[in-house]
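Chemist: Predicted structure and sequence below. I'll ask about it afterward.
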Amino acid sequence: MEILTESELKYLKKKLKREPNRLEKEIVGAQWSEHCSYKSSKKYIKLLSKDWKGIIKGPGYDAGIIDIGNGDVITIHIESHNHPSAVEPYGGAATGVGGIIRDIISMGTMPIALLNALRFGHIKSPFASNEISISREKDNELYSYSKWLLKNVVRGIADYGNCIGIPTVGGEIEFDESFTNYCLVDVAAIGFGKRKNLIGNIIQEDDIIILAGSSTGRDGIHGASFASKELAKENRSAVQIPDPFMEKLLIEVTKEAIEANILKAVKDLGGGGLSCCLSETAANLNKGFEIALDKVPIKYHDMEPQEIMISESQERMLYIMNKGNFKSFAKILNKYEVPFAIIGSVKNHKNLVICKNGKTIAKMPSHLIAYAPLLNRNSRKPKYIEDLRVKKISVKLPHDLKKTFLNMLANPTIAFKYWVFQQFDHEIGLRTIVKPGMTNSAVIKLNNDKFLAAKLDGNSKVCYQDPYEGTLSCLSEARANIISSGGHPIGIVDHLQFGNPENPEIFWTFQKSIEAMIDFSNFNKIPIVGGKVSFYNETKIGPIKPSPVIGMLGLIEGMTCISKIRPTPHDTLYIVGITSDDMGGSEYFQFLNGVTGGTVPKLDLQIDLINADIISRIIKEQLISCSHDCSKGGLSIALAEMAMGSHCGINIDLDKVPNNCKRVDFLLFAETPSRFIIGTKNEEKLEKELSKYKNLKYSKIGKVTGYGDNITFASKNKKIIDIEMELAKKYFESISSIMENH
Amino acid sequence: MYLSNYTNQAILLKNKEFNVIVTIENKSFINDPEGETIYHDLILKNKYNNIKSVRTAKVLKLIVNAKNPIQATLSVKKMCEDLRIFNPIVSDCQVNIISDE
């Protein structure tokens, strides 16, 4: 396998004015992989606005830092571990969690919550009889592989988070055939700390560099370049084994050292190992490092220098400090029995110098290593997009809407994820206020009067048909979730996952996704504080669908502002927003009818913002008792979730719903954004408030009945869906039985 | 129906029982944090300095009905692969027969 492309090698030679040796090529190769260098995407990421009030660190750092006042800061970061998880789901997912936690502690904050967004191929659901499961009856092996991935990814995330005592508070899962034999595992971590404790990142000549944690082995070699290749050409040695107990010790060490004000710079070792960690740190801090490679604790005596430099052994951290502080730091490390070594010192020359037994074996400017030559990728609008938009689609109006509705509830993408989150310790730390399950977003307590709402959202089906509108929908959905919980958005993180960027059509979808991010962020004035790009997500059957995952954080000022989705008996239900029949990319079309095509919902940024603002206001004024956004599965699913969440029946009159749908099934399942369902016991006051907004579309659509009553939808004075609560729950909770019969 | 049951039983009677041991361990170049912890925190701390390394593994002890040792081994191997009892990318899986009583 060639480490560098021909033109990269030429560039390197020109800059070095000599031939690089093998070690130098390996170091540069690890850092210049797409995974570490962002060489295809950096130009576009730079277009994101950076100057936001309250944002201490934005995109480009280990984690984004948001100032929330009173000297407190929130840090957030999102990363994926797709390639490793697809071959070793347990270890891949677990080490993904480990990596993201180290990013949070590198900033000087302590992790308080984890979230995940997972994508898999279809799993077989005997409850949902849809077109896909009928046509795929023969593909039992694929179903069982997806199930195996799901089972082990969830177990990996759960075991790691549970072992170190950080709650996994929320997430989302999508199933789609483009992830067959593959999976997307995105994990986000949230940190909380004091502004005064943030790592200063100012270093001086002769400061010492300490490597602590696990010793360096051969695991994960070429991991970063593995993540930058299609899976078919993978190097199967890129497997990483988690050790959460070592991670826990590193968290404690870092916490104590921060409190003792010992650390000048901290960096975690992730993709690309020492190569990336050292070159990026040296370049960012504008200094040079001199590293004695023979001082690095290694597992095997016969490890080659290049293996030590690019090994991705987990649970390692790099610390830089004044020589004078070494004794007190060593005392902390010894107390926790964390292995460590002084591996070098800071120099003013701005080079990364690697020595072994006193001899220099590699020497290159750290800037040269850290900043790969950026690429100009070609882009072209894929032909399929226009074809799908104009494609003639025929979806029969179902005879039995009750059956259709139950099938939608059992759709694994929509169904209740109890089987998943019951494996996560979501309460440890005692901060979790709104727990996983039927919620808008997770809510965690920061201090006595501040709460944080957090949510991850993605929708590859819509993004495939229109990456711009699809990304906007994800952003709108994430915001709707934060708003429905009672928060005001304070930051966005994104994880943009695509196929091979060398394919101009795939690169075009990436560009459109970034454009949507920029437009949404600028229009709504919500800063993008960090993110990640993952390319080359391809399997033998082709590229994955474009899968941007959006994470959003919202601040809730006070316990009374936290809104829940559970209504109480006899609430009156309202809908805010208009339903239109753009069914392209909907779960109803794709999952139930096996139809790809049609126009996707178009987001009107202005209406989206106004609706969100109104919901935010009425929650603050305590005019409503519950709120929920309409997303996957549409209006009927959102209402059913509310009903099942509180075990109360509902009577809905569909004729009252503001809409321009041609058919009743479209009205039930359309995924039009910018819609909210709210419940109140104070109709008069609520209507008075809502009527203040001239162009606002809203309507009273029904009532919550008593505990255990039926879920009913009526149209033209006829009940078209009338389902017993227990039956609806049986379908909605079917994932548990699918997974336990494994 | 009776006949086929009878035949199955006849086969079972003809077969022998084998004690099969399945050992699943991480490949040699892959980390083993559990083994390392046992080595550093237990063995070395208690000064058993003659011990140079520890690797952990998972062991399954099976009693298998089969015609002969080869069939016993093959059927267990197939079962381990079918049920994904180990991930071949991470672990080695050894199937051994310890006796044929």
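Modeler: Here it is on my side, so go on. All figures in this text were calculated on a predicted structure; none of them were measured in a lab.

Chemist: show me the contacts for the nearest residue to residue A:252 once chain neighbours are set aside.
Modeler: Of all residues not flanking residue A:252 in the chain, residue A:336 sits nearest, at 5.7 Å (C-beta to C-beta, 6 or more residues apart in numbering or on different chains). Just so you know, the C-beta spots here come from the backbone N, C-alpha and C atoms, and that holds for glycine as well. When contacts are counted by C-beta atoms under 8 Å, 6 or more residues apart in numbering or on different chains, residue A:336 touches A:249, A:252, A:253.

Chemist: and which of the residues you listed is nearest chain B?
Modeler: Of all the contacts of residue A:336, residue A:249 has the smallest distance to chain B: 11.3 Å, by C-beta to the nearest C-beta.

Chemist: what are the ranges of the helices in chain B?
Modeler: Taking DSSP state H, the helices of chain B run over residues B:2-14, B:33-38, B:69-82.

Chemist: one step back: dump the contacts of residue A:336 to a markdown table, plus secondary structure.
Modeler: Putting the contacts of residue A:336 into a markdown table (DSSP: H, G, I helix; E, B strand; the rest coil) gives the following:
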| residue | secondary structure |
| --- | --- |
| A:249 | helix |
| A:252 | helix |
| A:253 | helix |
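
Chemist: Was I right to think residue A:32 contacts residue A:372?
Modeler: Yes: Residue A:32 lies in contact with residue A:372 (C-beta atoms under 8 Å); the separation is 4.0 Å.

Chemist: Which one of those two is surrounded by more residues?
Modeler: Higher neighbour count among residue A:32 and residue A:372: residue A:32, with 29 against 21, using other C-beta atoms under 10 Å in any protein chain shown.

Chemist: Would you report the backbone torsion angles of the more buried one?
Modeler: The phi/psi pair for residue A:32 (degrees, to the nearest 10) reads phi -90, psi 10.

Chemist: show me what contacts it?
Modeler: A:4, A:8, A:39, A:372, A:373.

Chemist: For it, give me the pLDDT.
Modeler: Looking at residue A:32, its pLDDT reads 93.

Chemist: separation between it and chain B?
Modeler: Distance of residue A:32 to chain B, given as C-beta to the nearest C-beta, to the nearest Å: 25 Å.

Chemist: Up against chain B, what does chain A have?
Modeler: A:87-88, A:90-91, A:148, A:214, A:217-219, A:236-237, A:239-243, A:245-246, A:299, A:313-314, A:337 (C-beta under 8 Å from any C-beta of the partner chain).

Chemist: want to throw the contacts of residue A:336 into JSON lines with pLDDT, neighbour count and distance to residue A:118?
Modeler: Output for the contacts of residue A:336, formatted as JSON lines (pLDDT from 0 to 100; neighbours: other C-beta atoms under 10 Å in any protein chain shown; distance: C-beta to C-beta, whole Å):
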{"residue": "A:249", "pLDDT": "96", "neighbour count": "21", "distance to residue A:118": "28"}
{"residue": "A:252", "pLDDT": "96", "neighbour count": "17", "distance to residue A:118": "29"}
{"residue": "A:253", "pLDDT": "96", "neighbour count": "22", "distance to residue A:118": "31"}
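
Chemist: Now compare the contacts of residue A:32 and name the two farthest from each other.
Modeler: Taking every pair in the contacts of residue A:32 and measuring C-beta to C-beta, the maximum separation is 11.5 Å, between A:4 and A:39.
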